[in-house]
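Undergrad: Provided below for reference: sequence and predicted model.
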Amino acid sequence: MQANTLFYIIIGILVFNYISEKILDILNEKHFDDEIPTSLKDVYNEKEYKKSQQYKKVNAKFSNFTSLITTVITLVFFFLDGFNYVDQFARSYTDNPILIALLFFGIIMLGSEIISTPLAYYSTFVIEEKFGFNKSTQKTFWIDKLKGLFLSAILGGGILSLIIWFYLLTGKNFWIYAWALVAIFSIFINMFHAKLIVPLFNKQSPLEDGKLKLAIEAYAKKVGFTLNNIFVIDGSKRSTKANAYFSGFGNQKRITLYDTLINDLETDEIVAVLAHEVGHYKKKHIIFNLISSILLTGFTLFILSLFVNSPLLSQALGVSTQSFHIGLIAFGILYSPISEVTGLFMNYMSRKFEYEADDYAKNTFKSAALITSLKKLSKNSLSNLTPHPAYVFVNYSHPTLLKRIKNLES
């Protein structure tokens, strides 16, 4: 195969991904004005439903604009041999392969941030502000952005440096060491993310004594779930949208409740949401997701090891000097159809797990409380109650509200 042919295959994949994404978006947008299903009539009144429709349409219009802009810029960058210019610039400062790669990806990341930051700013301070969701200040927005960049540089740069080091030392066997590194890092982050990463962005505090804590402790005792770590996170610092999540395992497991969740729901509803999260733990969904992620990473790294040495990958992007970092970019795009398939499978499993966690909450607590909590959370976030089935199949990690309620009522 010629480098020119491979280049156009890469361009074809990028264009196909964009077009397929837009087809799904169009199908989904046609359902924005559908009548609400009978069982969900109590989620919105007429005024609220019109507001939710407007929110969906504004976000869809903005999403179409941003995806078009980013796709066009990406294609222009490819056709103008942008990777070659960045690679040459990085090589003009150092001959060290690791430093070249770090400088290369640093420039790419900086360019991406220059494009994405104004779009994120508009989404936060115009769209989310207009519909009453945004609680973030401009200071918080920019501090979050800087912290995110710092973490990406330290963690991403550190892992990339080690992977390239393994590659330089062991050649095509680098994937084994890289896989071990990523697996250890994934387990470590899963256990300690709440202690090490979350505090950089949010304040967490133990749930105060009172009716809610007593109700949670009573439920945990009933189902034999040892729970010493119940935390409240200041989600209202940035948004009115509510959430709750389970993290860690072993003695590091903890439940985190957003303060907005506590403000929006009644005690029984919060316990029902927590019961759903406990269901994920009891059904070992967290372990499954962690192991699946590690196995998929190993498979991806193995496939990468078969092709990354090929000069064809670098030449396809207009770079004459074969290098790991250029090969990594080309491979990432060529591998994307496979990652789309694995993504569909993981979304399917995620939706299946949500039903199982709902069933656990239904069987160990109250289905009615979980139903009302789901309806309130959907209402408060102006959720789309009538998405297109194809869009759900490809993009949703959770079943639709209608299907979850039907399952809980069955």
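TA: Noted; the coordinates are in hand. Residues are numbered from 1 along each chain as shown.
Undergrad: do you know the pLDDT at residue 410?
TA: pLDDT, the model's per-residue confidence, is 84 for residue 410.
Undergrad: distance of it relative to residue 358?
TA: 11 Å (CB to CB, to the nearest Å). In this view, the C-beta of every residue, glycine as well, is placed from N, C-alpha and C.
Undergrad: comparing the two, which residue is more hemmed in?
TA: A count of neighbours by other CB atoms under 10 Å puts residue 358 above the other of residue 410 and residue 358, at 24 against 8.
Undergrad: helix or strand: which one has that one?
TA: helix 324-364 (DSSP states H and E).
Undergrad: give the buried residues for whatever helix or strand comes next after that helix.
TA: Downstream of helix 324-364, the next assigned helix or strand under DSSP H and E is helix 367-380. For helix 367-380, burial by neighbour count (16 or more other CB atoms under 10 Å) applies to 367, 369-380.
Undergrad: what's the answer for stretch 4-23, then?
TA: 6-7, 10-11, 13-14, 17-18, 21.
Undergrad: re earlier: tell me the mean pLDDT over the helix holding residue 358?
TA: Rounded mean pLDDT across helix 324-364 is 94.
Undergrad: from the chain's centroid, how far away is it?
TA: In terms of CA atoms, centre = their mean, to the nearest Å, the centre of helix 324-364 is found 10 Å from the chain centre.
Undergrad: how about the residue nearest to the spatial centre of the chain, phi and psi?
TA: What sits nearest the mean C-alpha location of the chain, by CA atoms, centre = their mean, is residue 397, with 10.0 Å. Torsion angles at residue 397 (phi, psi; degrees, to the nearest 10) stand at phi -90, psi -10.
Undergrad: give me the nearest residue to it, chain neighbours excluded.
TA: residue 350 (4.2 Å; CB to CB, 6 or more residues apart in numbering).
Undergrad: can you check residue 149 too?
TA: Using CB to CB, 6+ apart, the closest residue to residue 149 is residue 113 (6.8 Å).
Undergrad: what of residue 103?
TA: residue 90 (4.1 Å).
Undergrad: which one of the buried residues of stretch 4-23 is nearest residue 386?
TA: Distance to residue 386 across the buried residues of stretch 4-23 (CB to CB) is lowest for residue 21, with 19.7 Å.
Undergrad: now do the same contact list for the closest one.
TA: Each residue near residue 21 by CB atoms under 8 Å, 6 or more residues apart in numbering is listed here: residue 67.
Undergrad: helix, strand, or coil at it?
TA: When classified by DSSP: H, G, I helix; E, B strand; the rest coil, residue 21 comes out as helix.
Undergrad: ok, which stretches of the stretch 151-300 of the chain are helices?
TA: Assigned by DSSP state H, counting those that start in this stretch, the stretch 151-300 of the chain shows helices spanning 157-170, 174-196, 211-222, 259-264, 267-282, 285-307.
Undergrad: most tightly packed of those?
TA: The highest average neighbour count among the helices of the stretch 151-300 of the chain, using mean count of other CB atoms under 10 Å, belongs to helix 267-282 at a mean of 22.
Undergrad: tell me what it is packed against?
TA: helix 211-222, strand 244-247, strand 254-258, helix 259-264, helix 324-364, helix 367-380 (3 or more CB pairs under 8 Å, 6 or more residues apart in numbering; DSSP states H and E).
Undergrad: mind saving the C-alpha coords of that helix as CSV?
TA: C-alpha atoms of helix 267-282 as CSV (Å, rounded to 0.1, in the frame of the first residue of the first chain):
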residue,chain,number,x,y,z
THR,A,267,-34.9,11.4,51.8
ASP,A,268,-36.5,8.2,50.4
GLU,A,269,-35.6,9.2,46.9
ILE,A,270,-32.0,9.8,47.8
VAL,A,271,-31.8,6.4,49.5
ALA,A,272,-33.3,4.9,46.3
VAL,A,273,-30.6,6.5,44.2
LEU,A,274,-28.0,5.2,46.7
ALA,A,275,-29.5,1.8,46.5
HIS,A,276,-29.1,1.9,42.7
GLU,A,277,-25.4,2.7,43.2
VAL,A,278,-25.0,-0.1,45.8
GLY,A,279,-26.6,-2.4,43.2
HIS,A,280,-23.7,-1.6,40.8
TYR,A,281,-21.3,-2.6,43.5
LYS,A,282,-23.1,-5.8,44.6
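Undergrad: rewinding a little: tilt between the helix holding residue 358 and helix 174-196?
TA: Orientation note: helix 324-364 sits at an angle of 50 degrees relative to helix 174-196 (axes from the mean of the first three to the mean of the last three CA atoms, to 10 degrees).
Undergrad: any low-confidence regions in the stretch 151-300 of the chain?
TA: Residue ranges of the stretch 151-300 of the chain with pLDDT under 70: 250-251.
Undergrad: could you redo the buried residues of stretch 4-23 as TSV and give each row secondary structure, pLDDT and distance to residue 406?
TA: Formatted as TSV, the buried residues of stretch 4-23 follow (DSSP: H, G, I helix; E, B strand; the rest coil; pLDDT from 0 to 100; distance: CB to CB, whole Å):
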residue	secondary structure	pLDDT	distance to residue 406
6	helix	91	48
7	helix	91	49
10	helix	94	43
11	helix	95	43
13	helix	95	38
14	helix	94	39
17	helix	94	33
18	helix	95	34
21	helix	95	29
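Undergrad: how about JSON lines for those residues, with distance to residue 277 added?
TA: Shown next, in JSON lines, are the buried residues of stretch 4-23 (distance: CB to CB, whole Å):
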{"residue": "6", "distance to residue 277": "46"}
{"residue": "7", "distance to residue 277": "47"}
{"residue": "10", "distance to residue 277": "41"}
{"residue": "11", "distance to residue 277": "43"}
{"residue": "13", "distance to residue 277": "37"}
{"residue": "14", "distance to residue 277": "38"}
{"residue": "17", "distance to residue 277": "33"}
{"residue": "18", "distance to residue 277": "36"}
{"residue": "21", "distance to residue 277": "31"}
